[in-house]
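> Would you be able to build a 3D model of this:
(chains A and B)
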Amino acid sequence: MLVWILLWEIVTLYNAGSYAAAPPHRVIAEFISGAAGPYWAPLWSSFKRILTGYFLALMIGTTIGVMVASSKFCEWMLGGVILGIQSLPSICWLPVAILWFGLNEKAIVFVVLMGSIGSITLASRDGLRMVSPIYNRVSATFGARPWQRLFWVALPAALPQVISGLKQGWSFAWRSLMAGELLYHSTSLGSLLSDARDLADYPRMYAVMLLIIFASVCIDKAVFAQLESRIRRRWGLVEQGTSYHRQ
Amino acid sequence: MIPLDEGAAAGGTHNVLETWTERAAESSRQAKVRLDAVSKMYMSGQGKKAANVYAVKDISLSIFDGEFISFVGPSGCGKSTLINLIAGFERPDSGSILCEGGAVNSSGPDRLVIFQEQSLFPWLSVRKNIEFGLRIKGMSKEQRRERAAYFLNMVHLNKFADSLPFQLSGGMKQRVAIARALAVEPKMLLMDEPFSSLDHRTRDLLHMELQQIWLQTKKTIVFVTHSVEEALRLSDRIVIMSSQPGRIRRIIRVSLPRPRDFFDPAIIRLRTAILEDLEDELNKLALKEGDNDWKVEEGALRRRAHAGVDSPVGNSHTI
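The predicted model follows:
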């Protein structure tokens, strides 16, 4: 890592006269001064959008996933549609969203939703399909009602598989958000980035990019990686040093 | 066939195997489950070769209240199909199954199944697993706790109440599964080869434990196994099945006192007789699953069974 930063410093040094030159020490200085205040408002407003969009995608996506996994008819009706949505880059929804909602928060949230819903739906569908049939039979022999089977057995059993799809959905949501924010001007990370370009403030441009990477990696490590490893450990899917009474 | 007591000399099959006669029994005891000419078919093969094959054919049997009954037979004899039919996982193609006078239409907690494979929910602690059936019934949290504690105690796993399933050995998992089943107070337990993936020492321990639980709770237990020894040790009656199609070949009553020892001469005599009786079944299996000239050597099983007297129990006979 240090080698790359050094290389970057040297390259900018040789092109010192160039308008695009932004040596890392200036980028880092900008990053620190930005982190002291100016970056927080756009970061927060971007976060609100992604959380709203992702939460909606989670609700709608898992519902559709459950429907598709449990009924042949739903699979027949929706299977192709989901694949279509999944293969369409989510920013392509922006024109439609503007048409429907106007150029506002709702449009961006919609793009985020469409970006992440595909992988969440597919992950919950595949996760539910892979649930061992033994758990179904256990619920059957105990006389569980359909909603009890779903919420107490099928969904928890599918969770280790579903979680990786949720993670993927989050990274798609993040991409969609940035694309949307670059096009739609507001208080946000994306706009901060495009403003920096417009004002030829290159250190800030790189600093905002660093911020975006940083925010994304933080969420990934602090939320999803944690969740995933906890689930895997609890479900007994990893060998553990602490396990006792193992034959 | 003439019923003789187990003490009779081991002359031939008929002297040793006390064959059950349905008529004598019916007068004395109440049937819990009654199977009447039950048949179940399944599709075998693919495409044009596909054909309907009988998994079980014309099975008529009464299972009595509080009885420990085992189904034994070679693979493909339909013993697991029978459990699935009684459990209500599958419906018979013909014939009827009555449980306490009512037709069996679906699965339910009155006929609780204990499976061969790992069936505990890995995300729930041992205690929560045992509470699962009670939660489905809508029992209050305090009552669930209390009930779970009682059955945890019964299977001697108090210490592990808060452990997760992956922290338990195979035998412990099956004990939790038994406790989970007993907690909902089923009318009967259907056990589908519950101990077949365990090592012999663990299995021994679980035999003792299951027997104790059976004596204590007086539940009706239907037990499917490959192992003649296992069936002999635990059962009141053993239903010996034959394959292609799955039929009842013979029903044997075992009225030896409990706990039963594998080395008890009476048990060994019965085992020899059963294995002898099943020799042609094994040949049938050999023909189905191997070359046409593959045949079990005459008397080989009998000799192995006798050799078992001075060899460890680990040398179990599975058919």
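> Point to the residue nearest the middle of the chain.
Defaulting to chain A. A:W170 (1.3 Å; CA atoms, centre = their mean).
> meant chain B actually
B:F223 (1.7 Å).
> Remind me which helix or strand A:V27 belongs to.
Using DSSP states H and E, A:V27 sits in helix A:24-35.
> just A:S124 next, same as before
Counting by DSSP H and E, A:S124 is part of helix A:105-129.
> which intervals of the stretch 151-300 of chain B have sub-threshold pLDDT?
Filtered on pLDDT under 70, the stretch 151-300 of chain B yields the residue ranges B:296-300.
> what about 90?
B:187, B:196-205, B:209, B:216-218, B:226-229, B:240-300 (pLDDT under 90).
> How about the residue in it that chain A sits nearest to, nearest residue that isn't a chain neighbour?
Relative to chain A, the nearest point of the stretch 151-300 of chain B is B:F166 (2.4 Å; CB to the nearest CB). Bear in mind the C-beta positions are built from the backbone N, C-alpha and C, glycine included. Residue nearest to B:F166 in three dimensions, not counting chain neighbours: A:G236, with 2.4 Å by CB to CB, 6 or more residues apart in numbering or on different chains.
> Point out the other helices and strands that the next helix or strand after the helix holding A:S124 packs with.
Using DSSP H and E, the helix or strand that follows helix A:105-129 towards the C-terminus is helix A:133-141. Applying 3 or more CB pairs under 8 Å, 6 or more residues apart in numbering or on different chains; DSSP states H and E, one finds that helix A:133-141 contacts strand B:111-114.
> partners of the strand it packs on, with directions?
strand B:188-192 (parallel) (DSSP bridges).
> I'd like to check the angle between the partner strand and helix A:133-141, please.
170 degrees (axes from the mean of the first three to the mean of the last three CA atoms, to 10 degrees).
> where's the very next helix or strand once past strand B:188-192 relative to the chain centroid, distance-wise?
Using DSSP H and E, the helix or strand that follows strand B:188-192 in sequence is helix B:200-217. Helix B:200-217 sits 13 Å away from the centroid of its parent chain (CA atoms, centre = their mean, to the nearest Å).
> ok so, going back, what's across from the residue nearest to the centre of chain B in the sheet?
Residues in beta-bridge contact with B:F223 (DSSP bridges): B:S70, B:M191.
> wait, doesn't it sit right on B:V72?
No. With contact defined as CB atoms under 8 Å, B:F223 does not reach B:V72; the gap is 9.2 Å.
> Run through the neighbouring helices and strands of the longest helix seen in chain A.
Counting residues, the longest helix in chain A under DSSP state H turns out to be helix A:40-70. Where contact means 3+ CB pairs under 8 Å, 6+ apart, helix A:40-70 is packed against helix A:72-87, helix A:105-129, helix A:155-183, helix A:189-198, helix A:202-219.
> Could you check which residue of chain A lies nearest chain B?
A:G236 (2.4 Å).
> on that earlier part again, ok, the residue nearest to the centre of chain B - contacts?
B:68-71, B:191, B:194, B:230-231, B:234-235 (CB atoms under 8 Å, 6 or more residues apart in numbering or on different chains).
> Which residues of the stretch 1-150 of chain B lie near chain A?
Taking CB under 8 Å from any CB of the partner chain, the part of the stretch 1-150 of chain B that reaches chain A is made up of B:87, B:89, B:107-109, B:111-113, B:115, B:117-119, B:121-123, B:132-133, B:135-136.
> Which ChimeraX command selects the buried ones in those?
To isolate in ChimeraX the members of the residues of the stretch 1-150 of chain B next to chain A that are buried, counting by 16 or more other CB atoms under 10 Å in any protein chain shown, one can use:
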select /B:87,89,107,108,109,111,112,113,115,118,119,121,122,123,132,133,135,136
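> Filter the residues of the stretch 1-150 of chain B next to chain A down to the ones in helices?
Short answer: the residues of the stretch 1-150 of chain B next to chain A in helices (DSSP H) are B:87, B:132-133, B:135-136.
> Would you format the residues you listed as CSV with distance to A:M209 included?
CSV is the format used below for these (distance: CB to CB, whole Å):
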residue, distance to A:M209
B:A87, 61
B:F132, 50
B:G133, 55
B:R135, 50
B:I136, 52
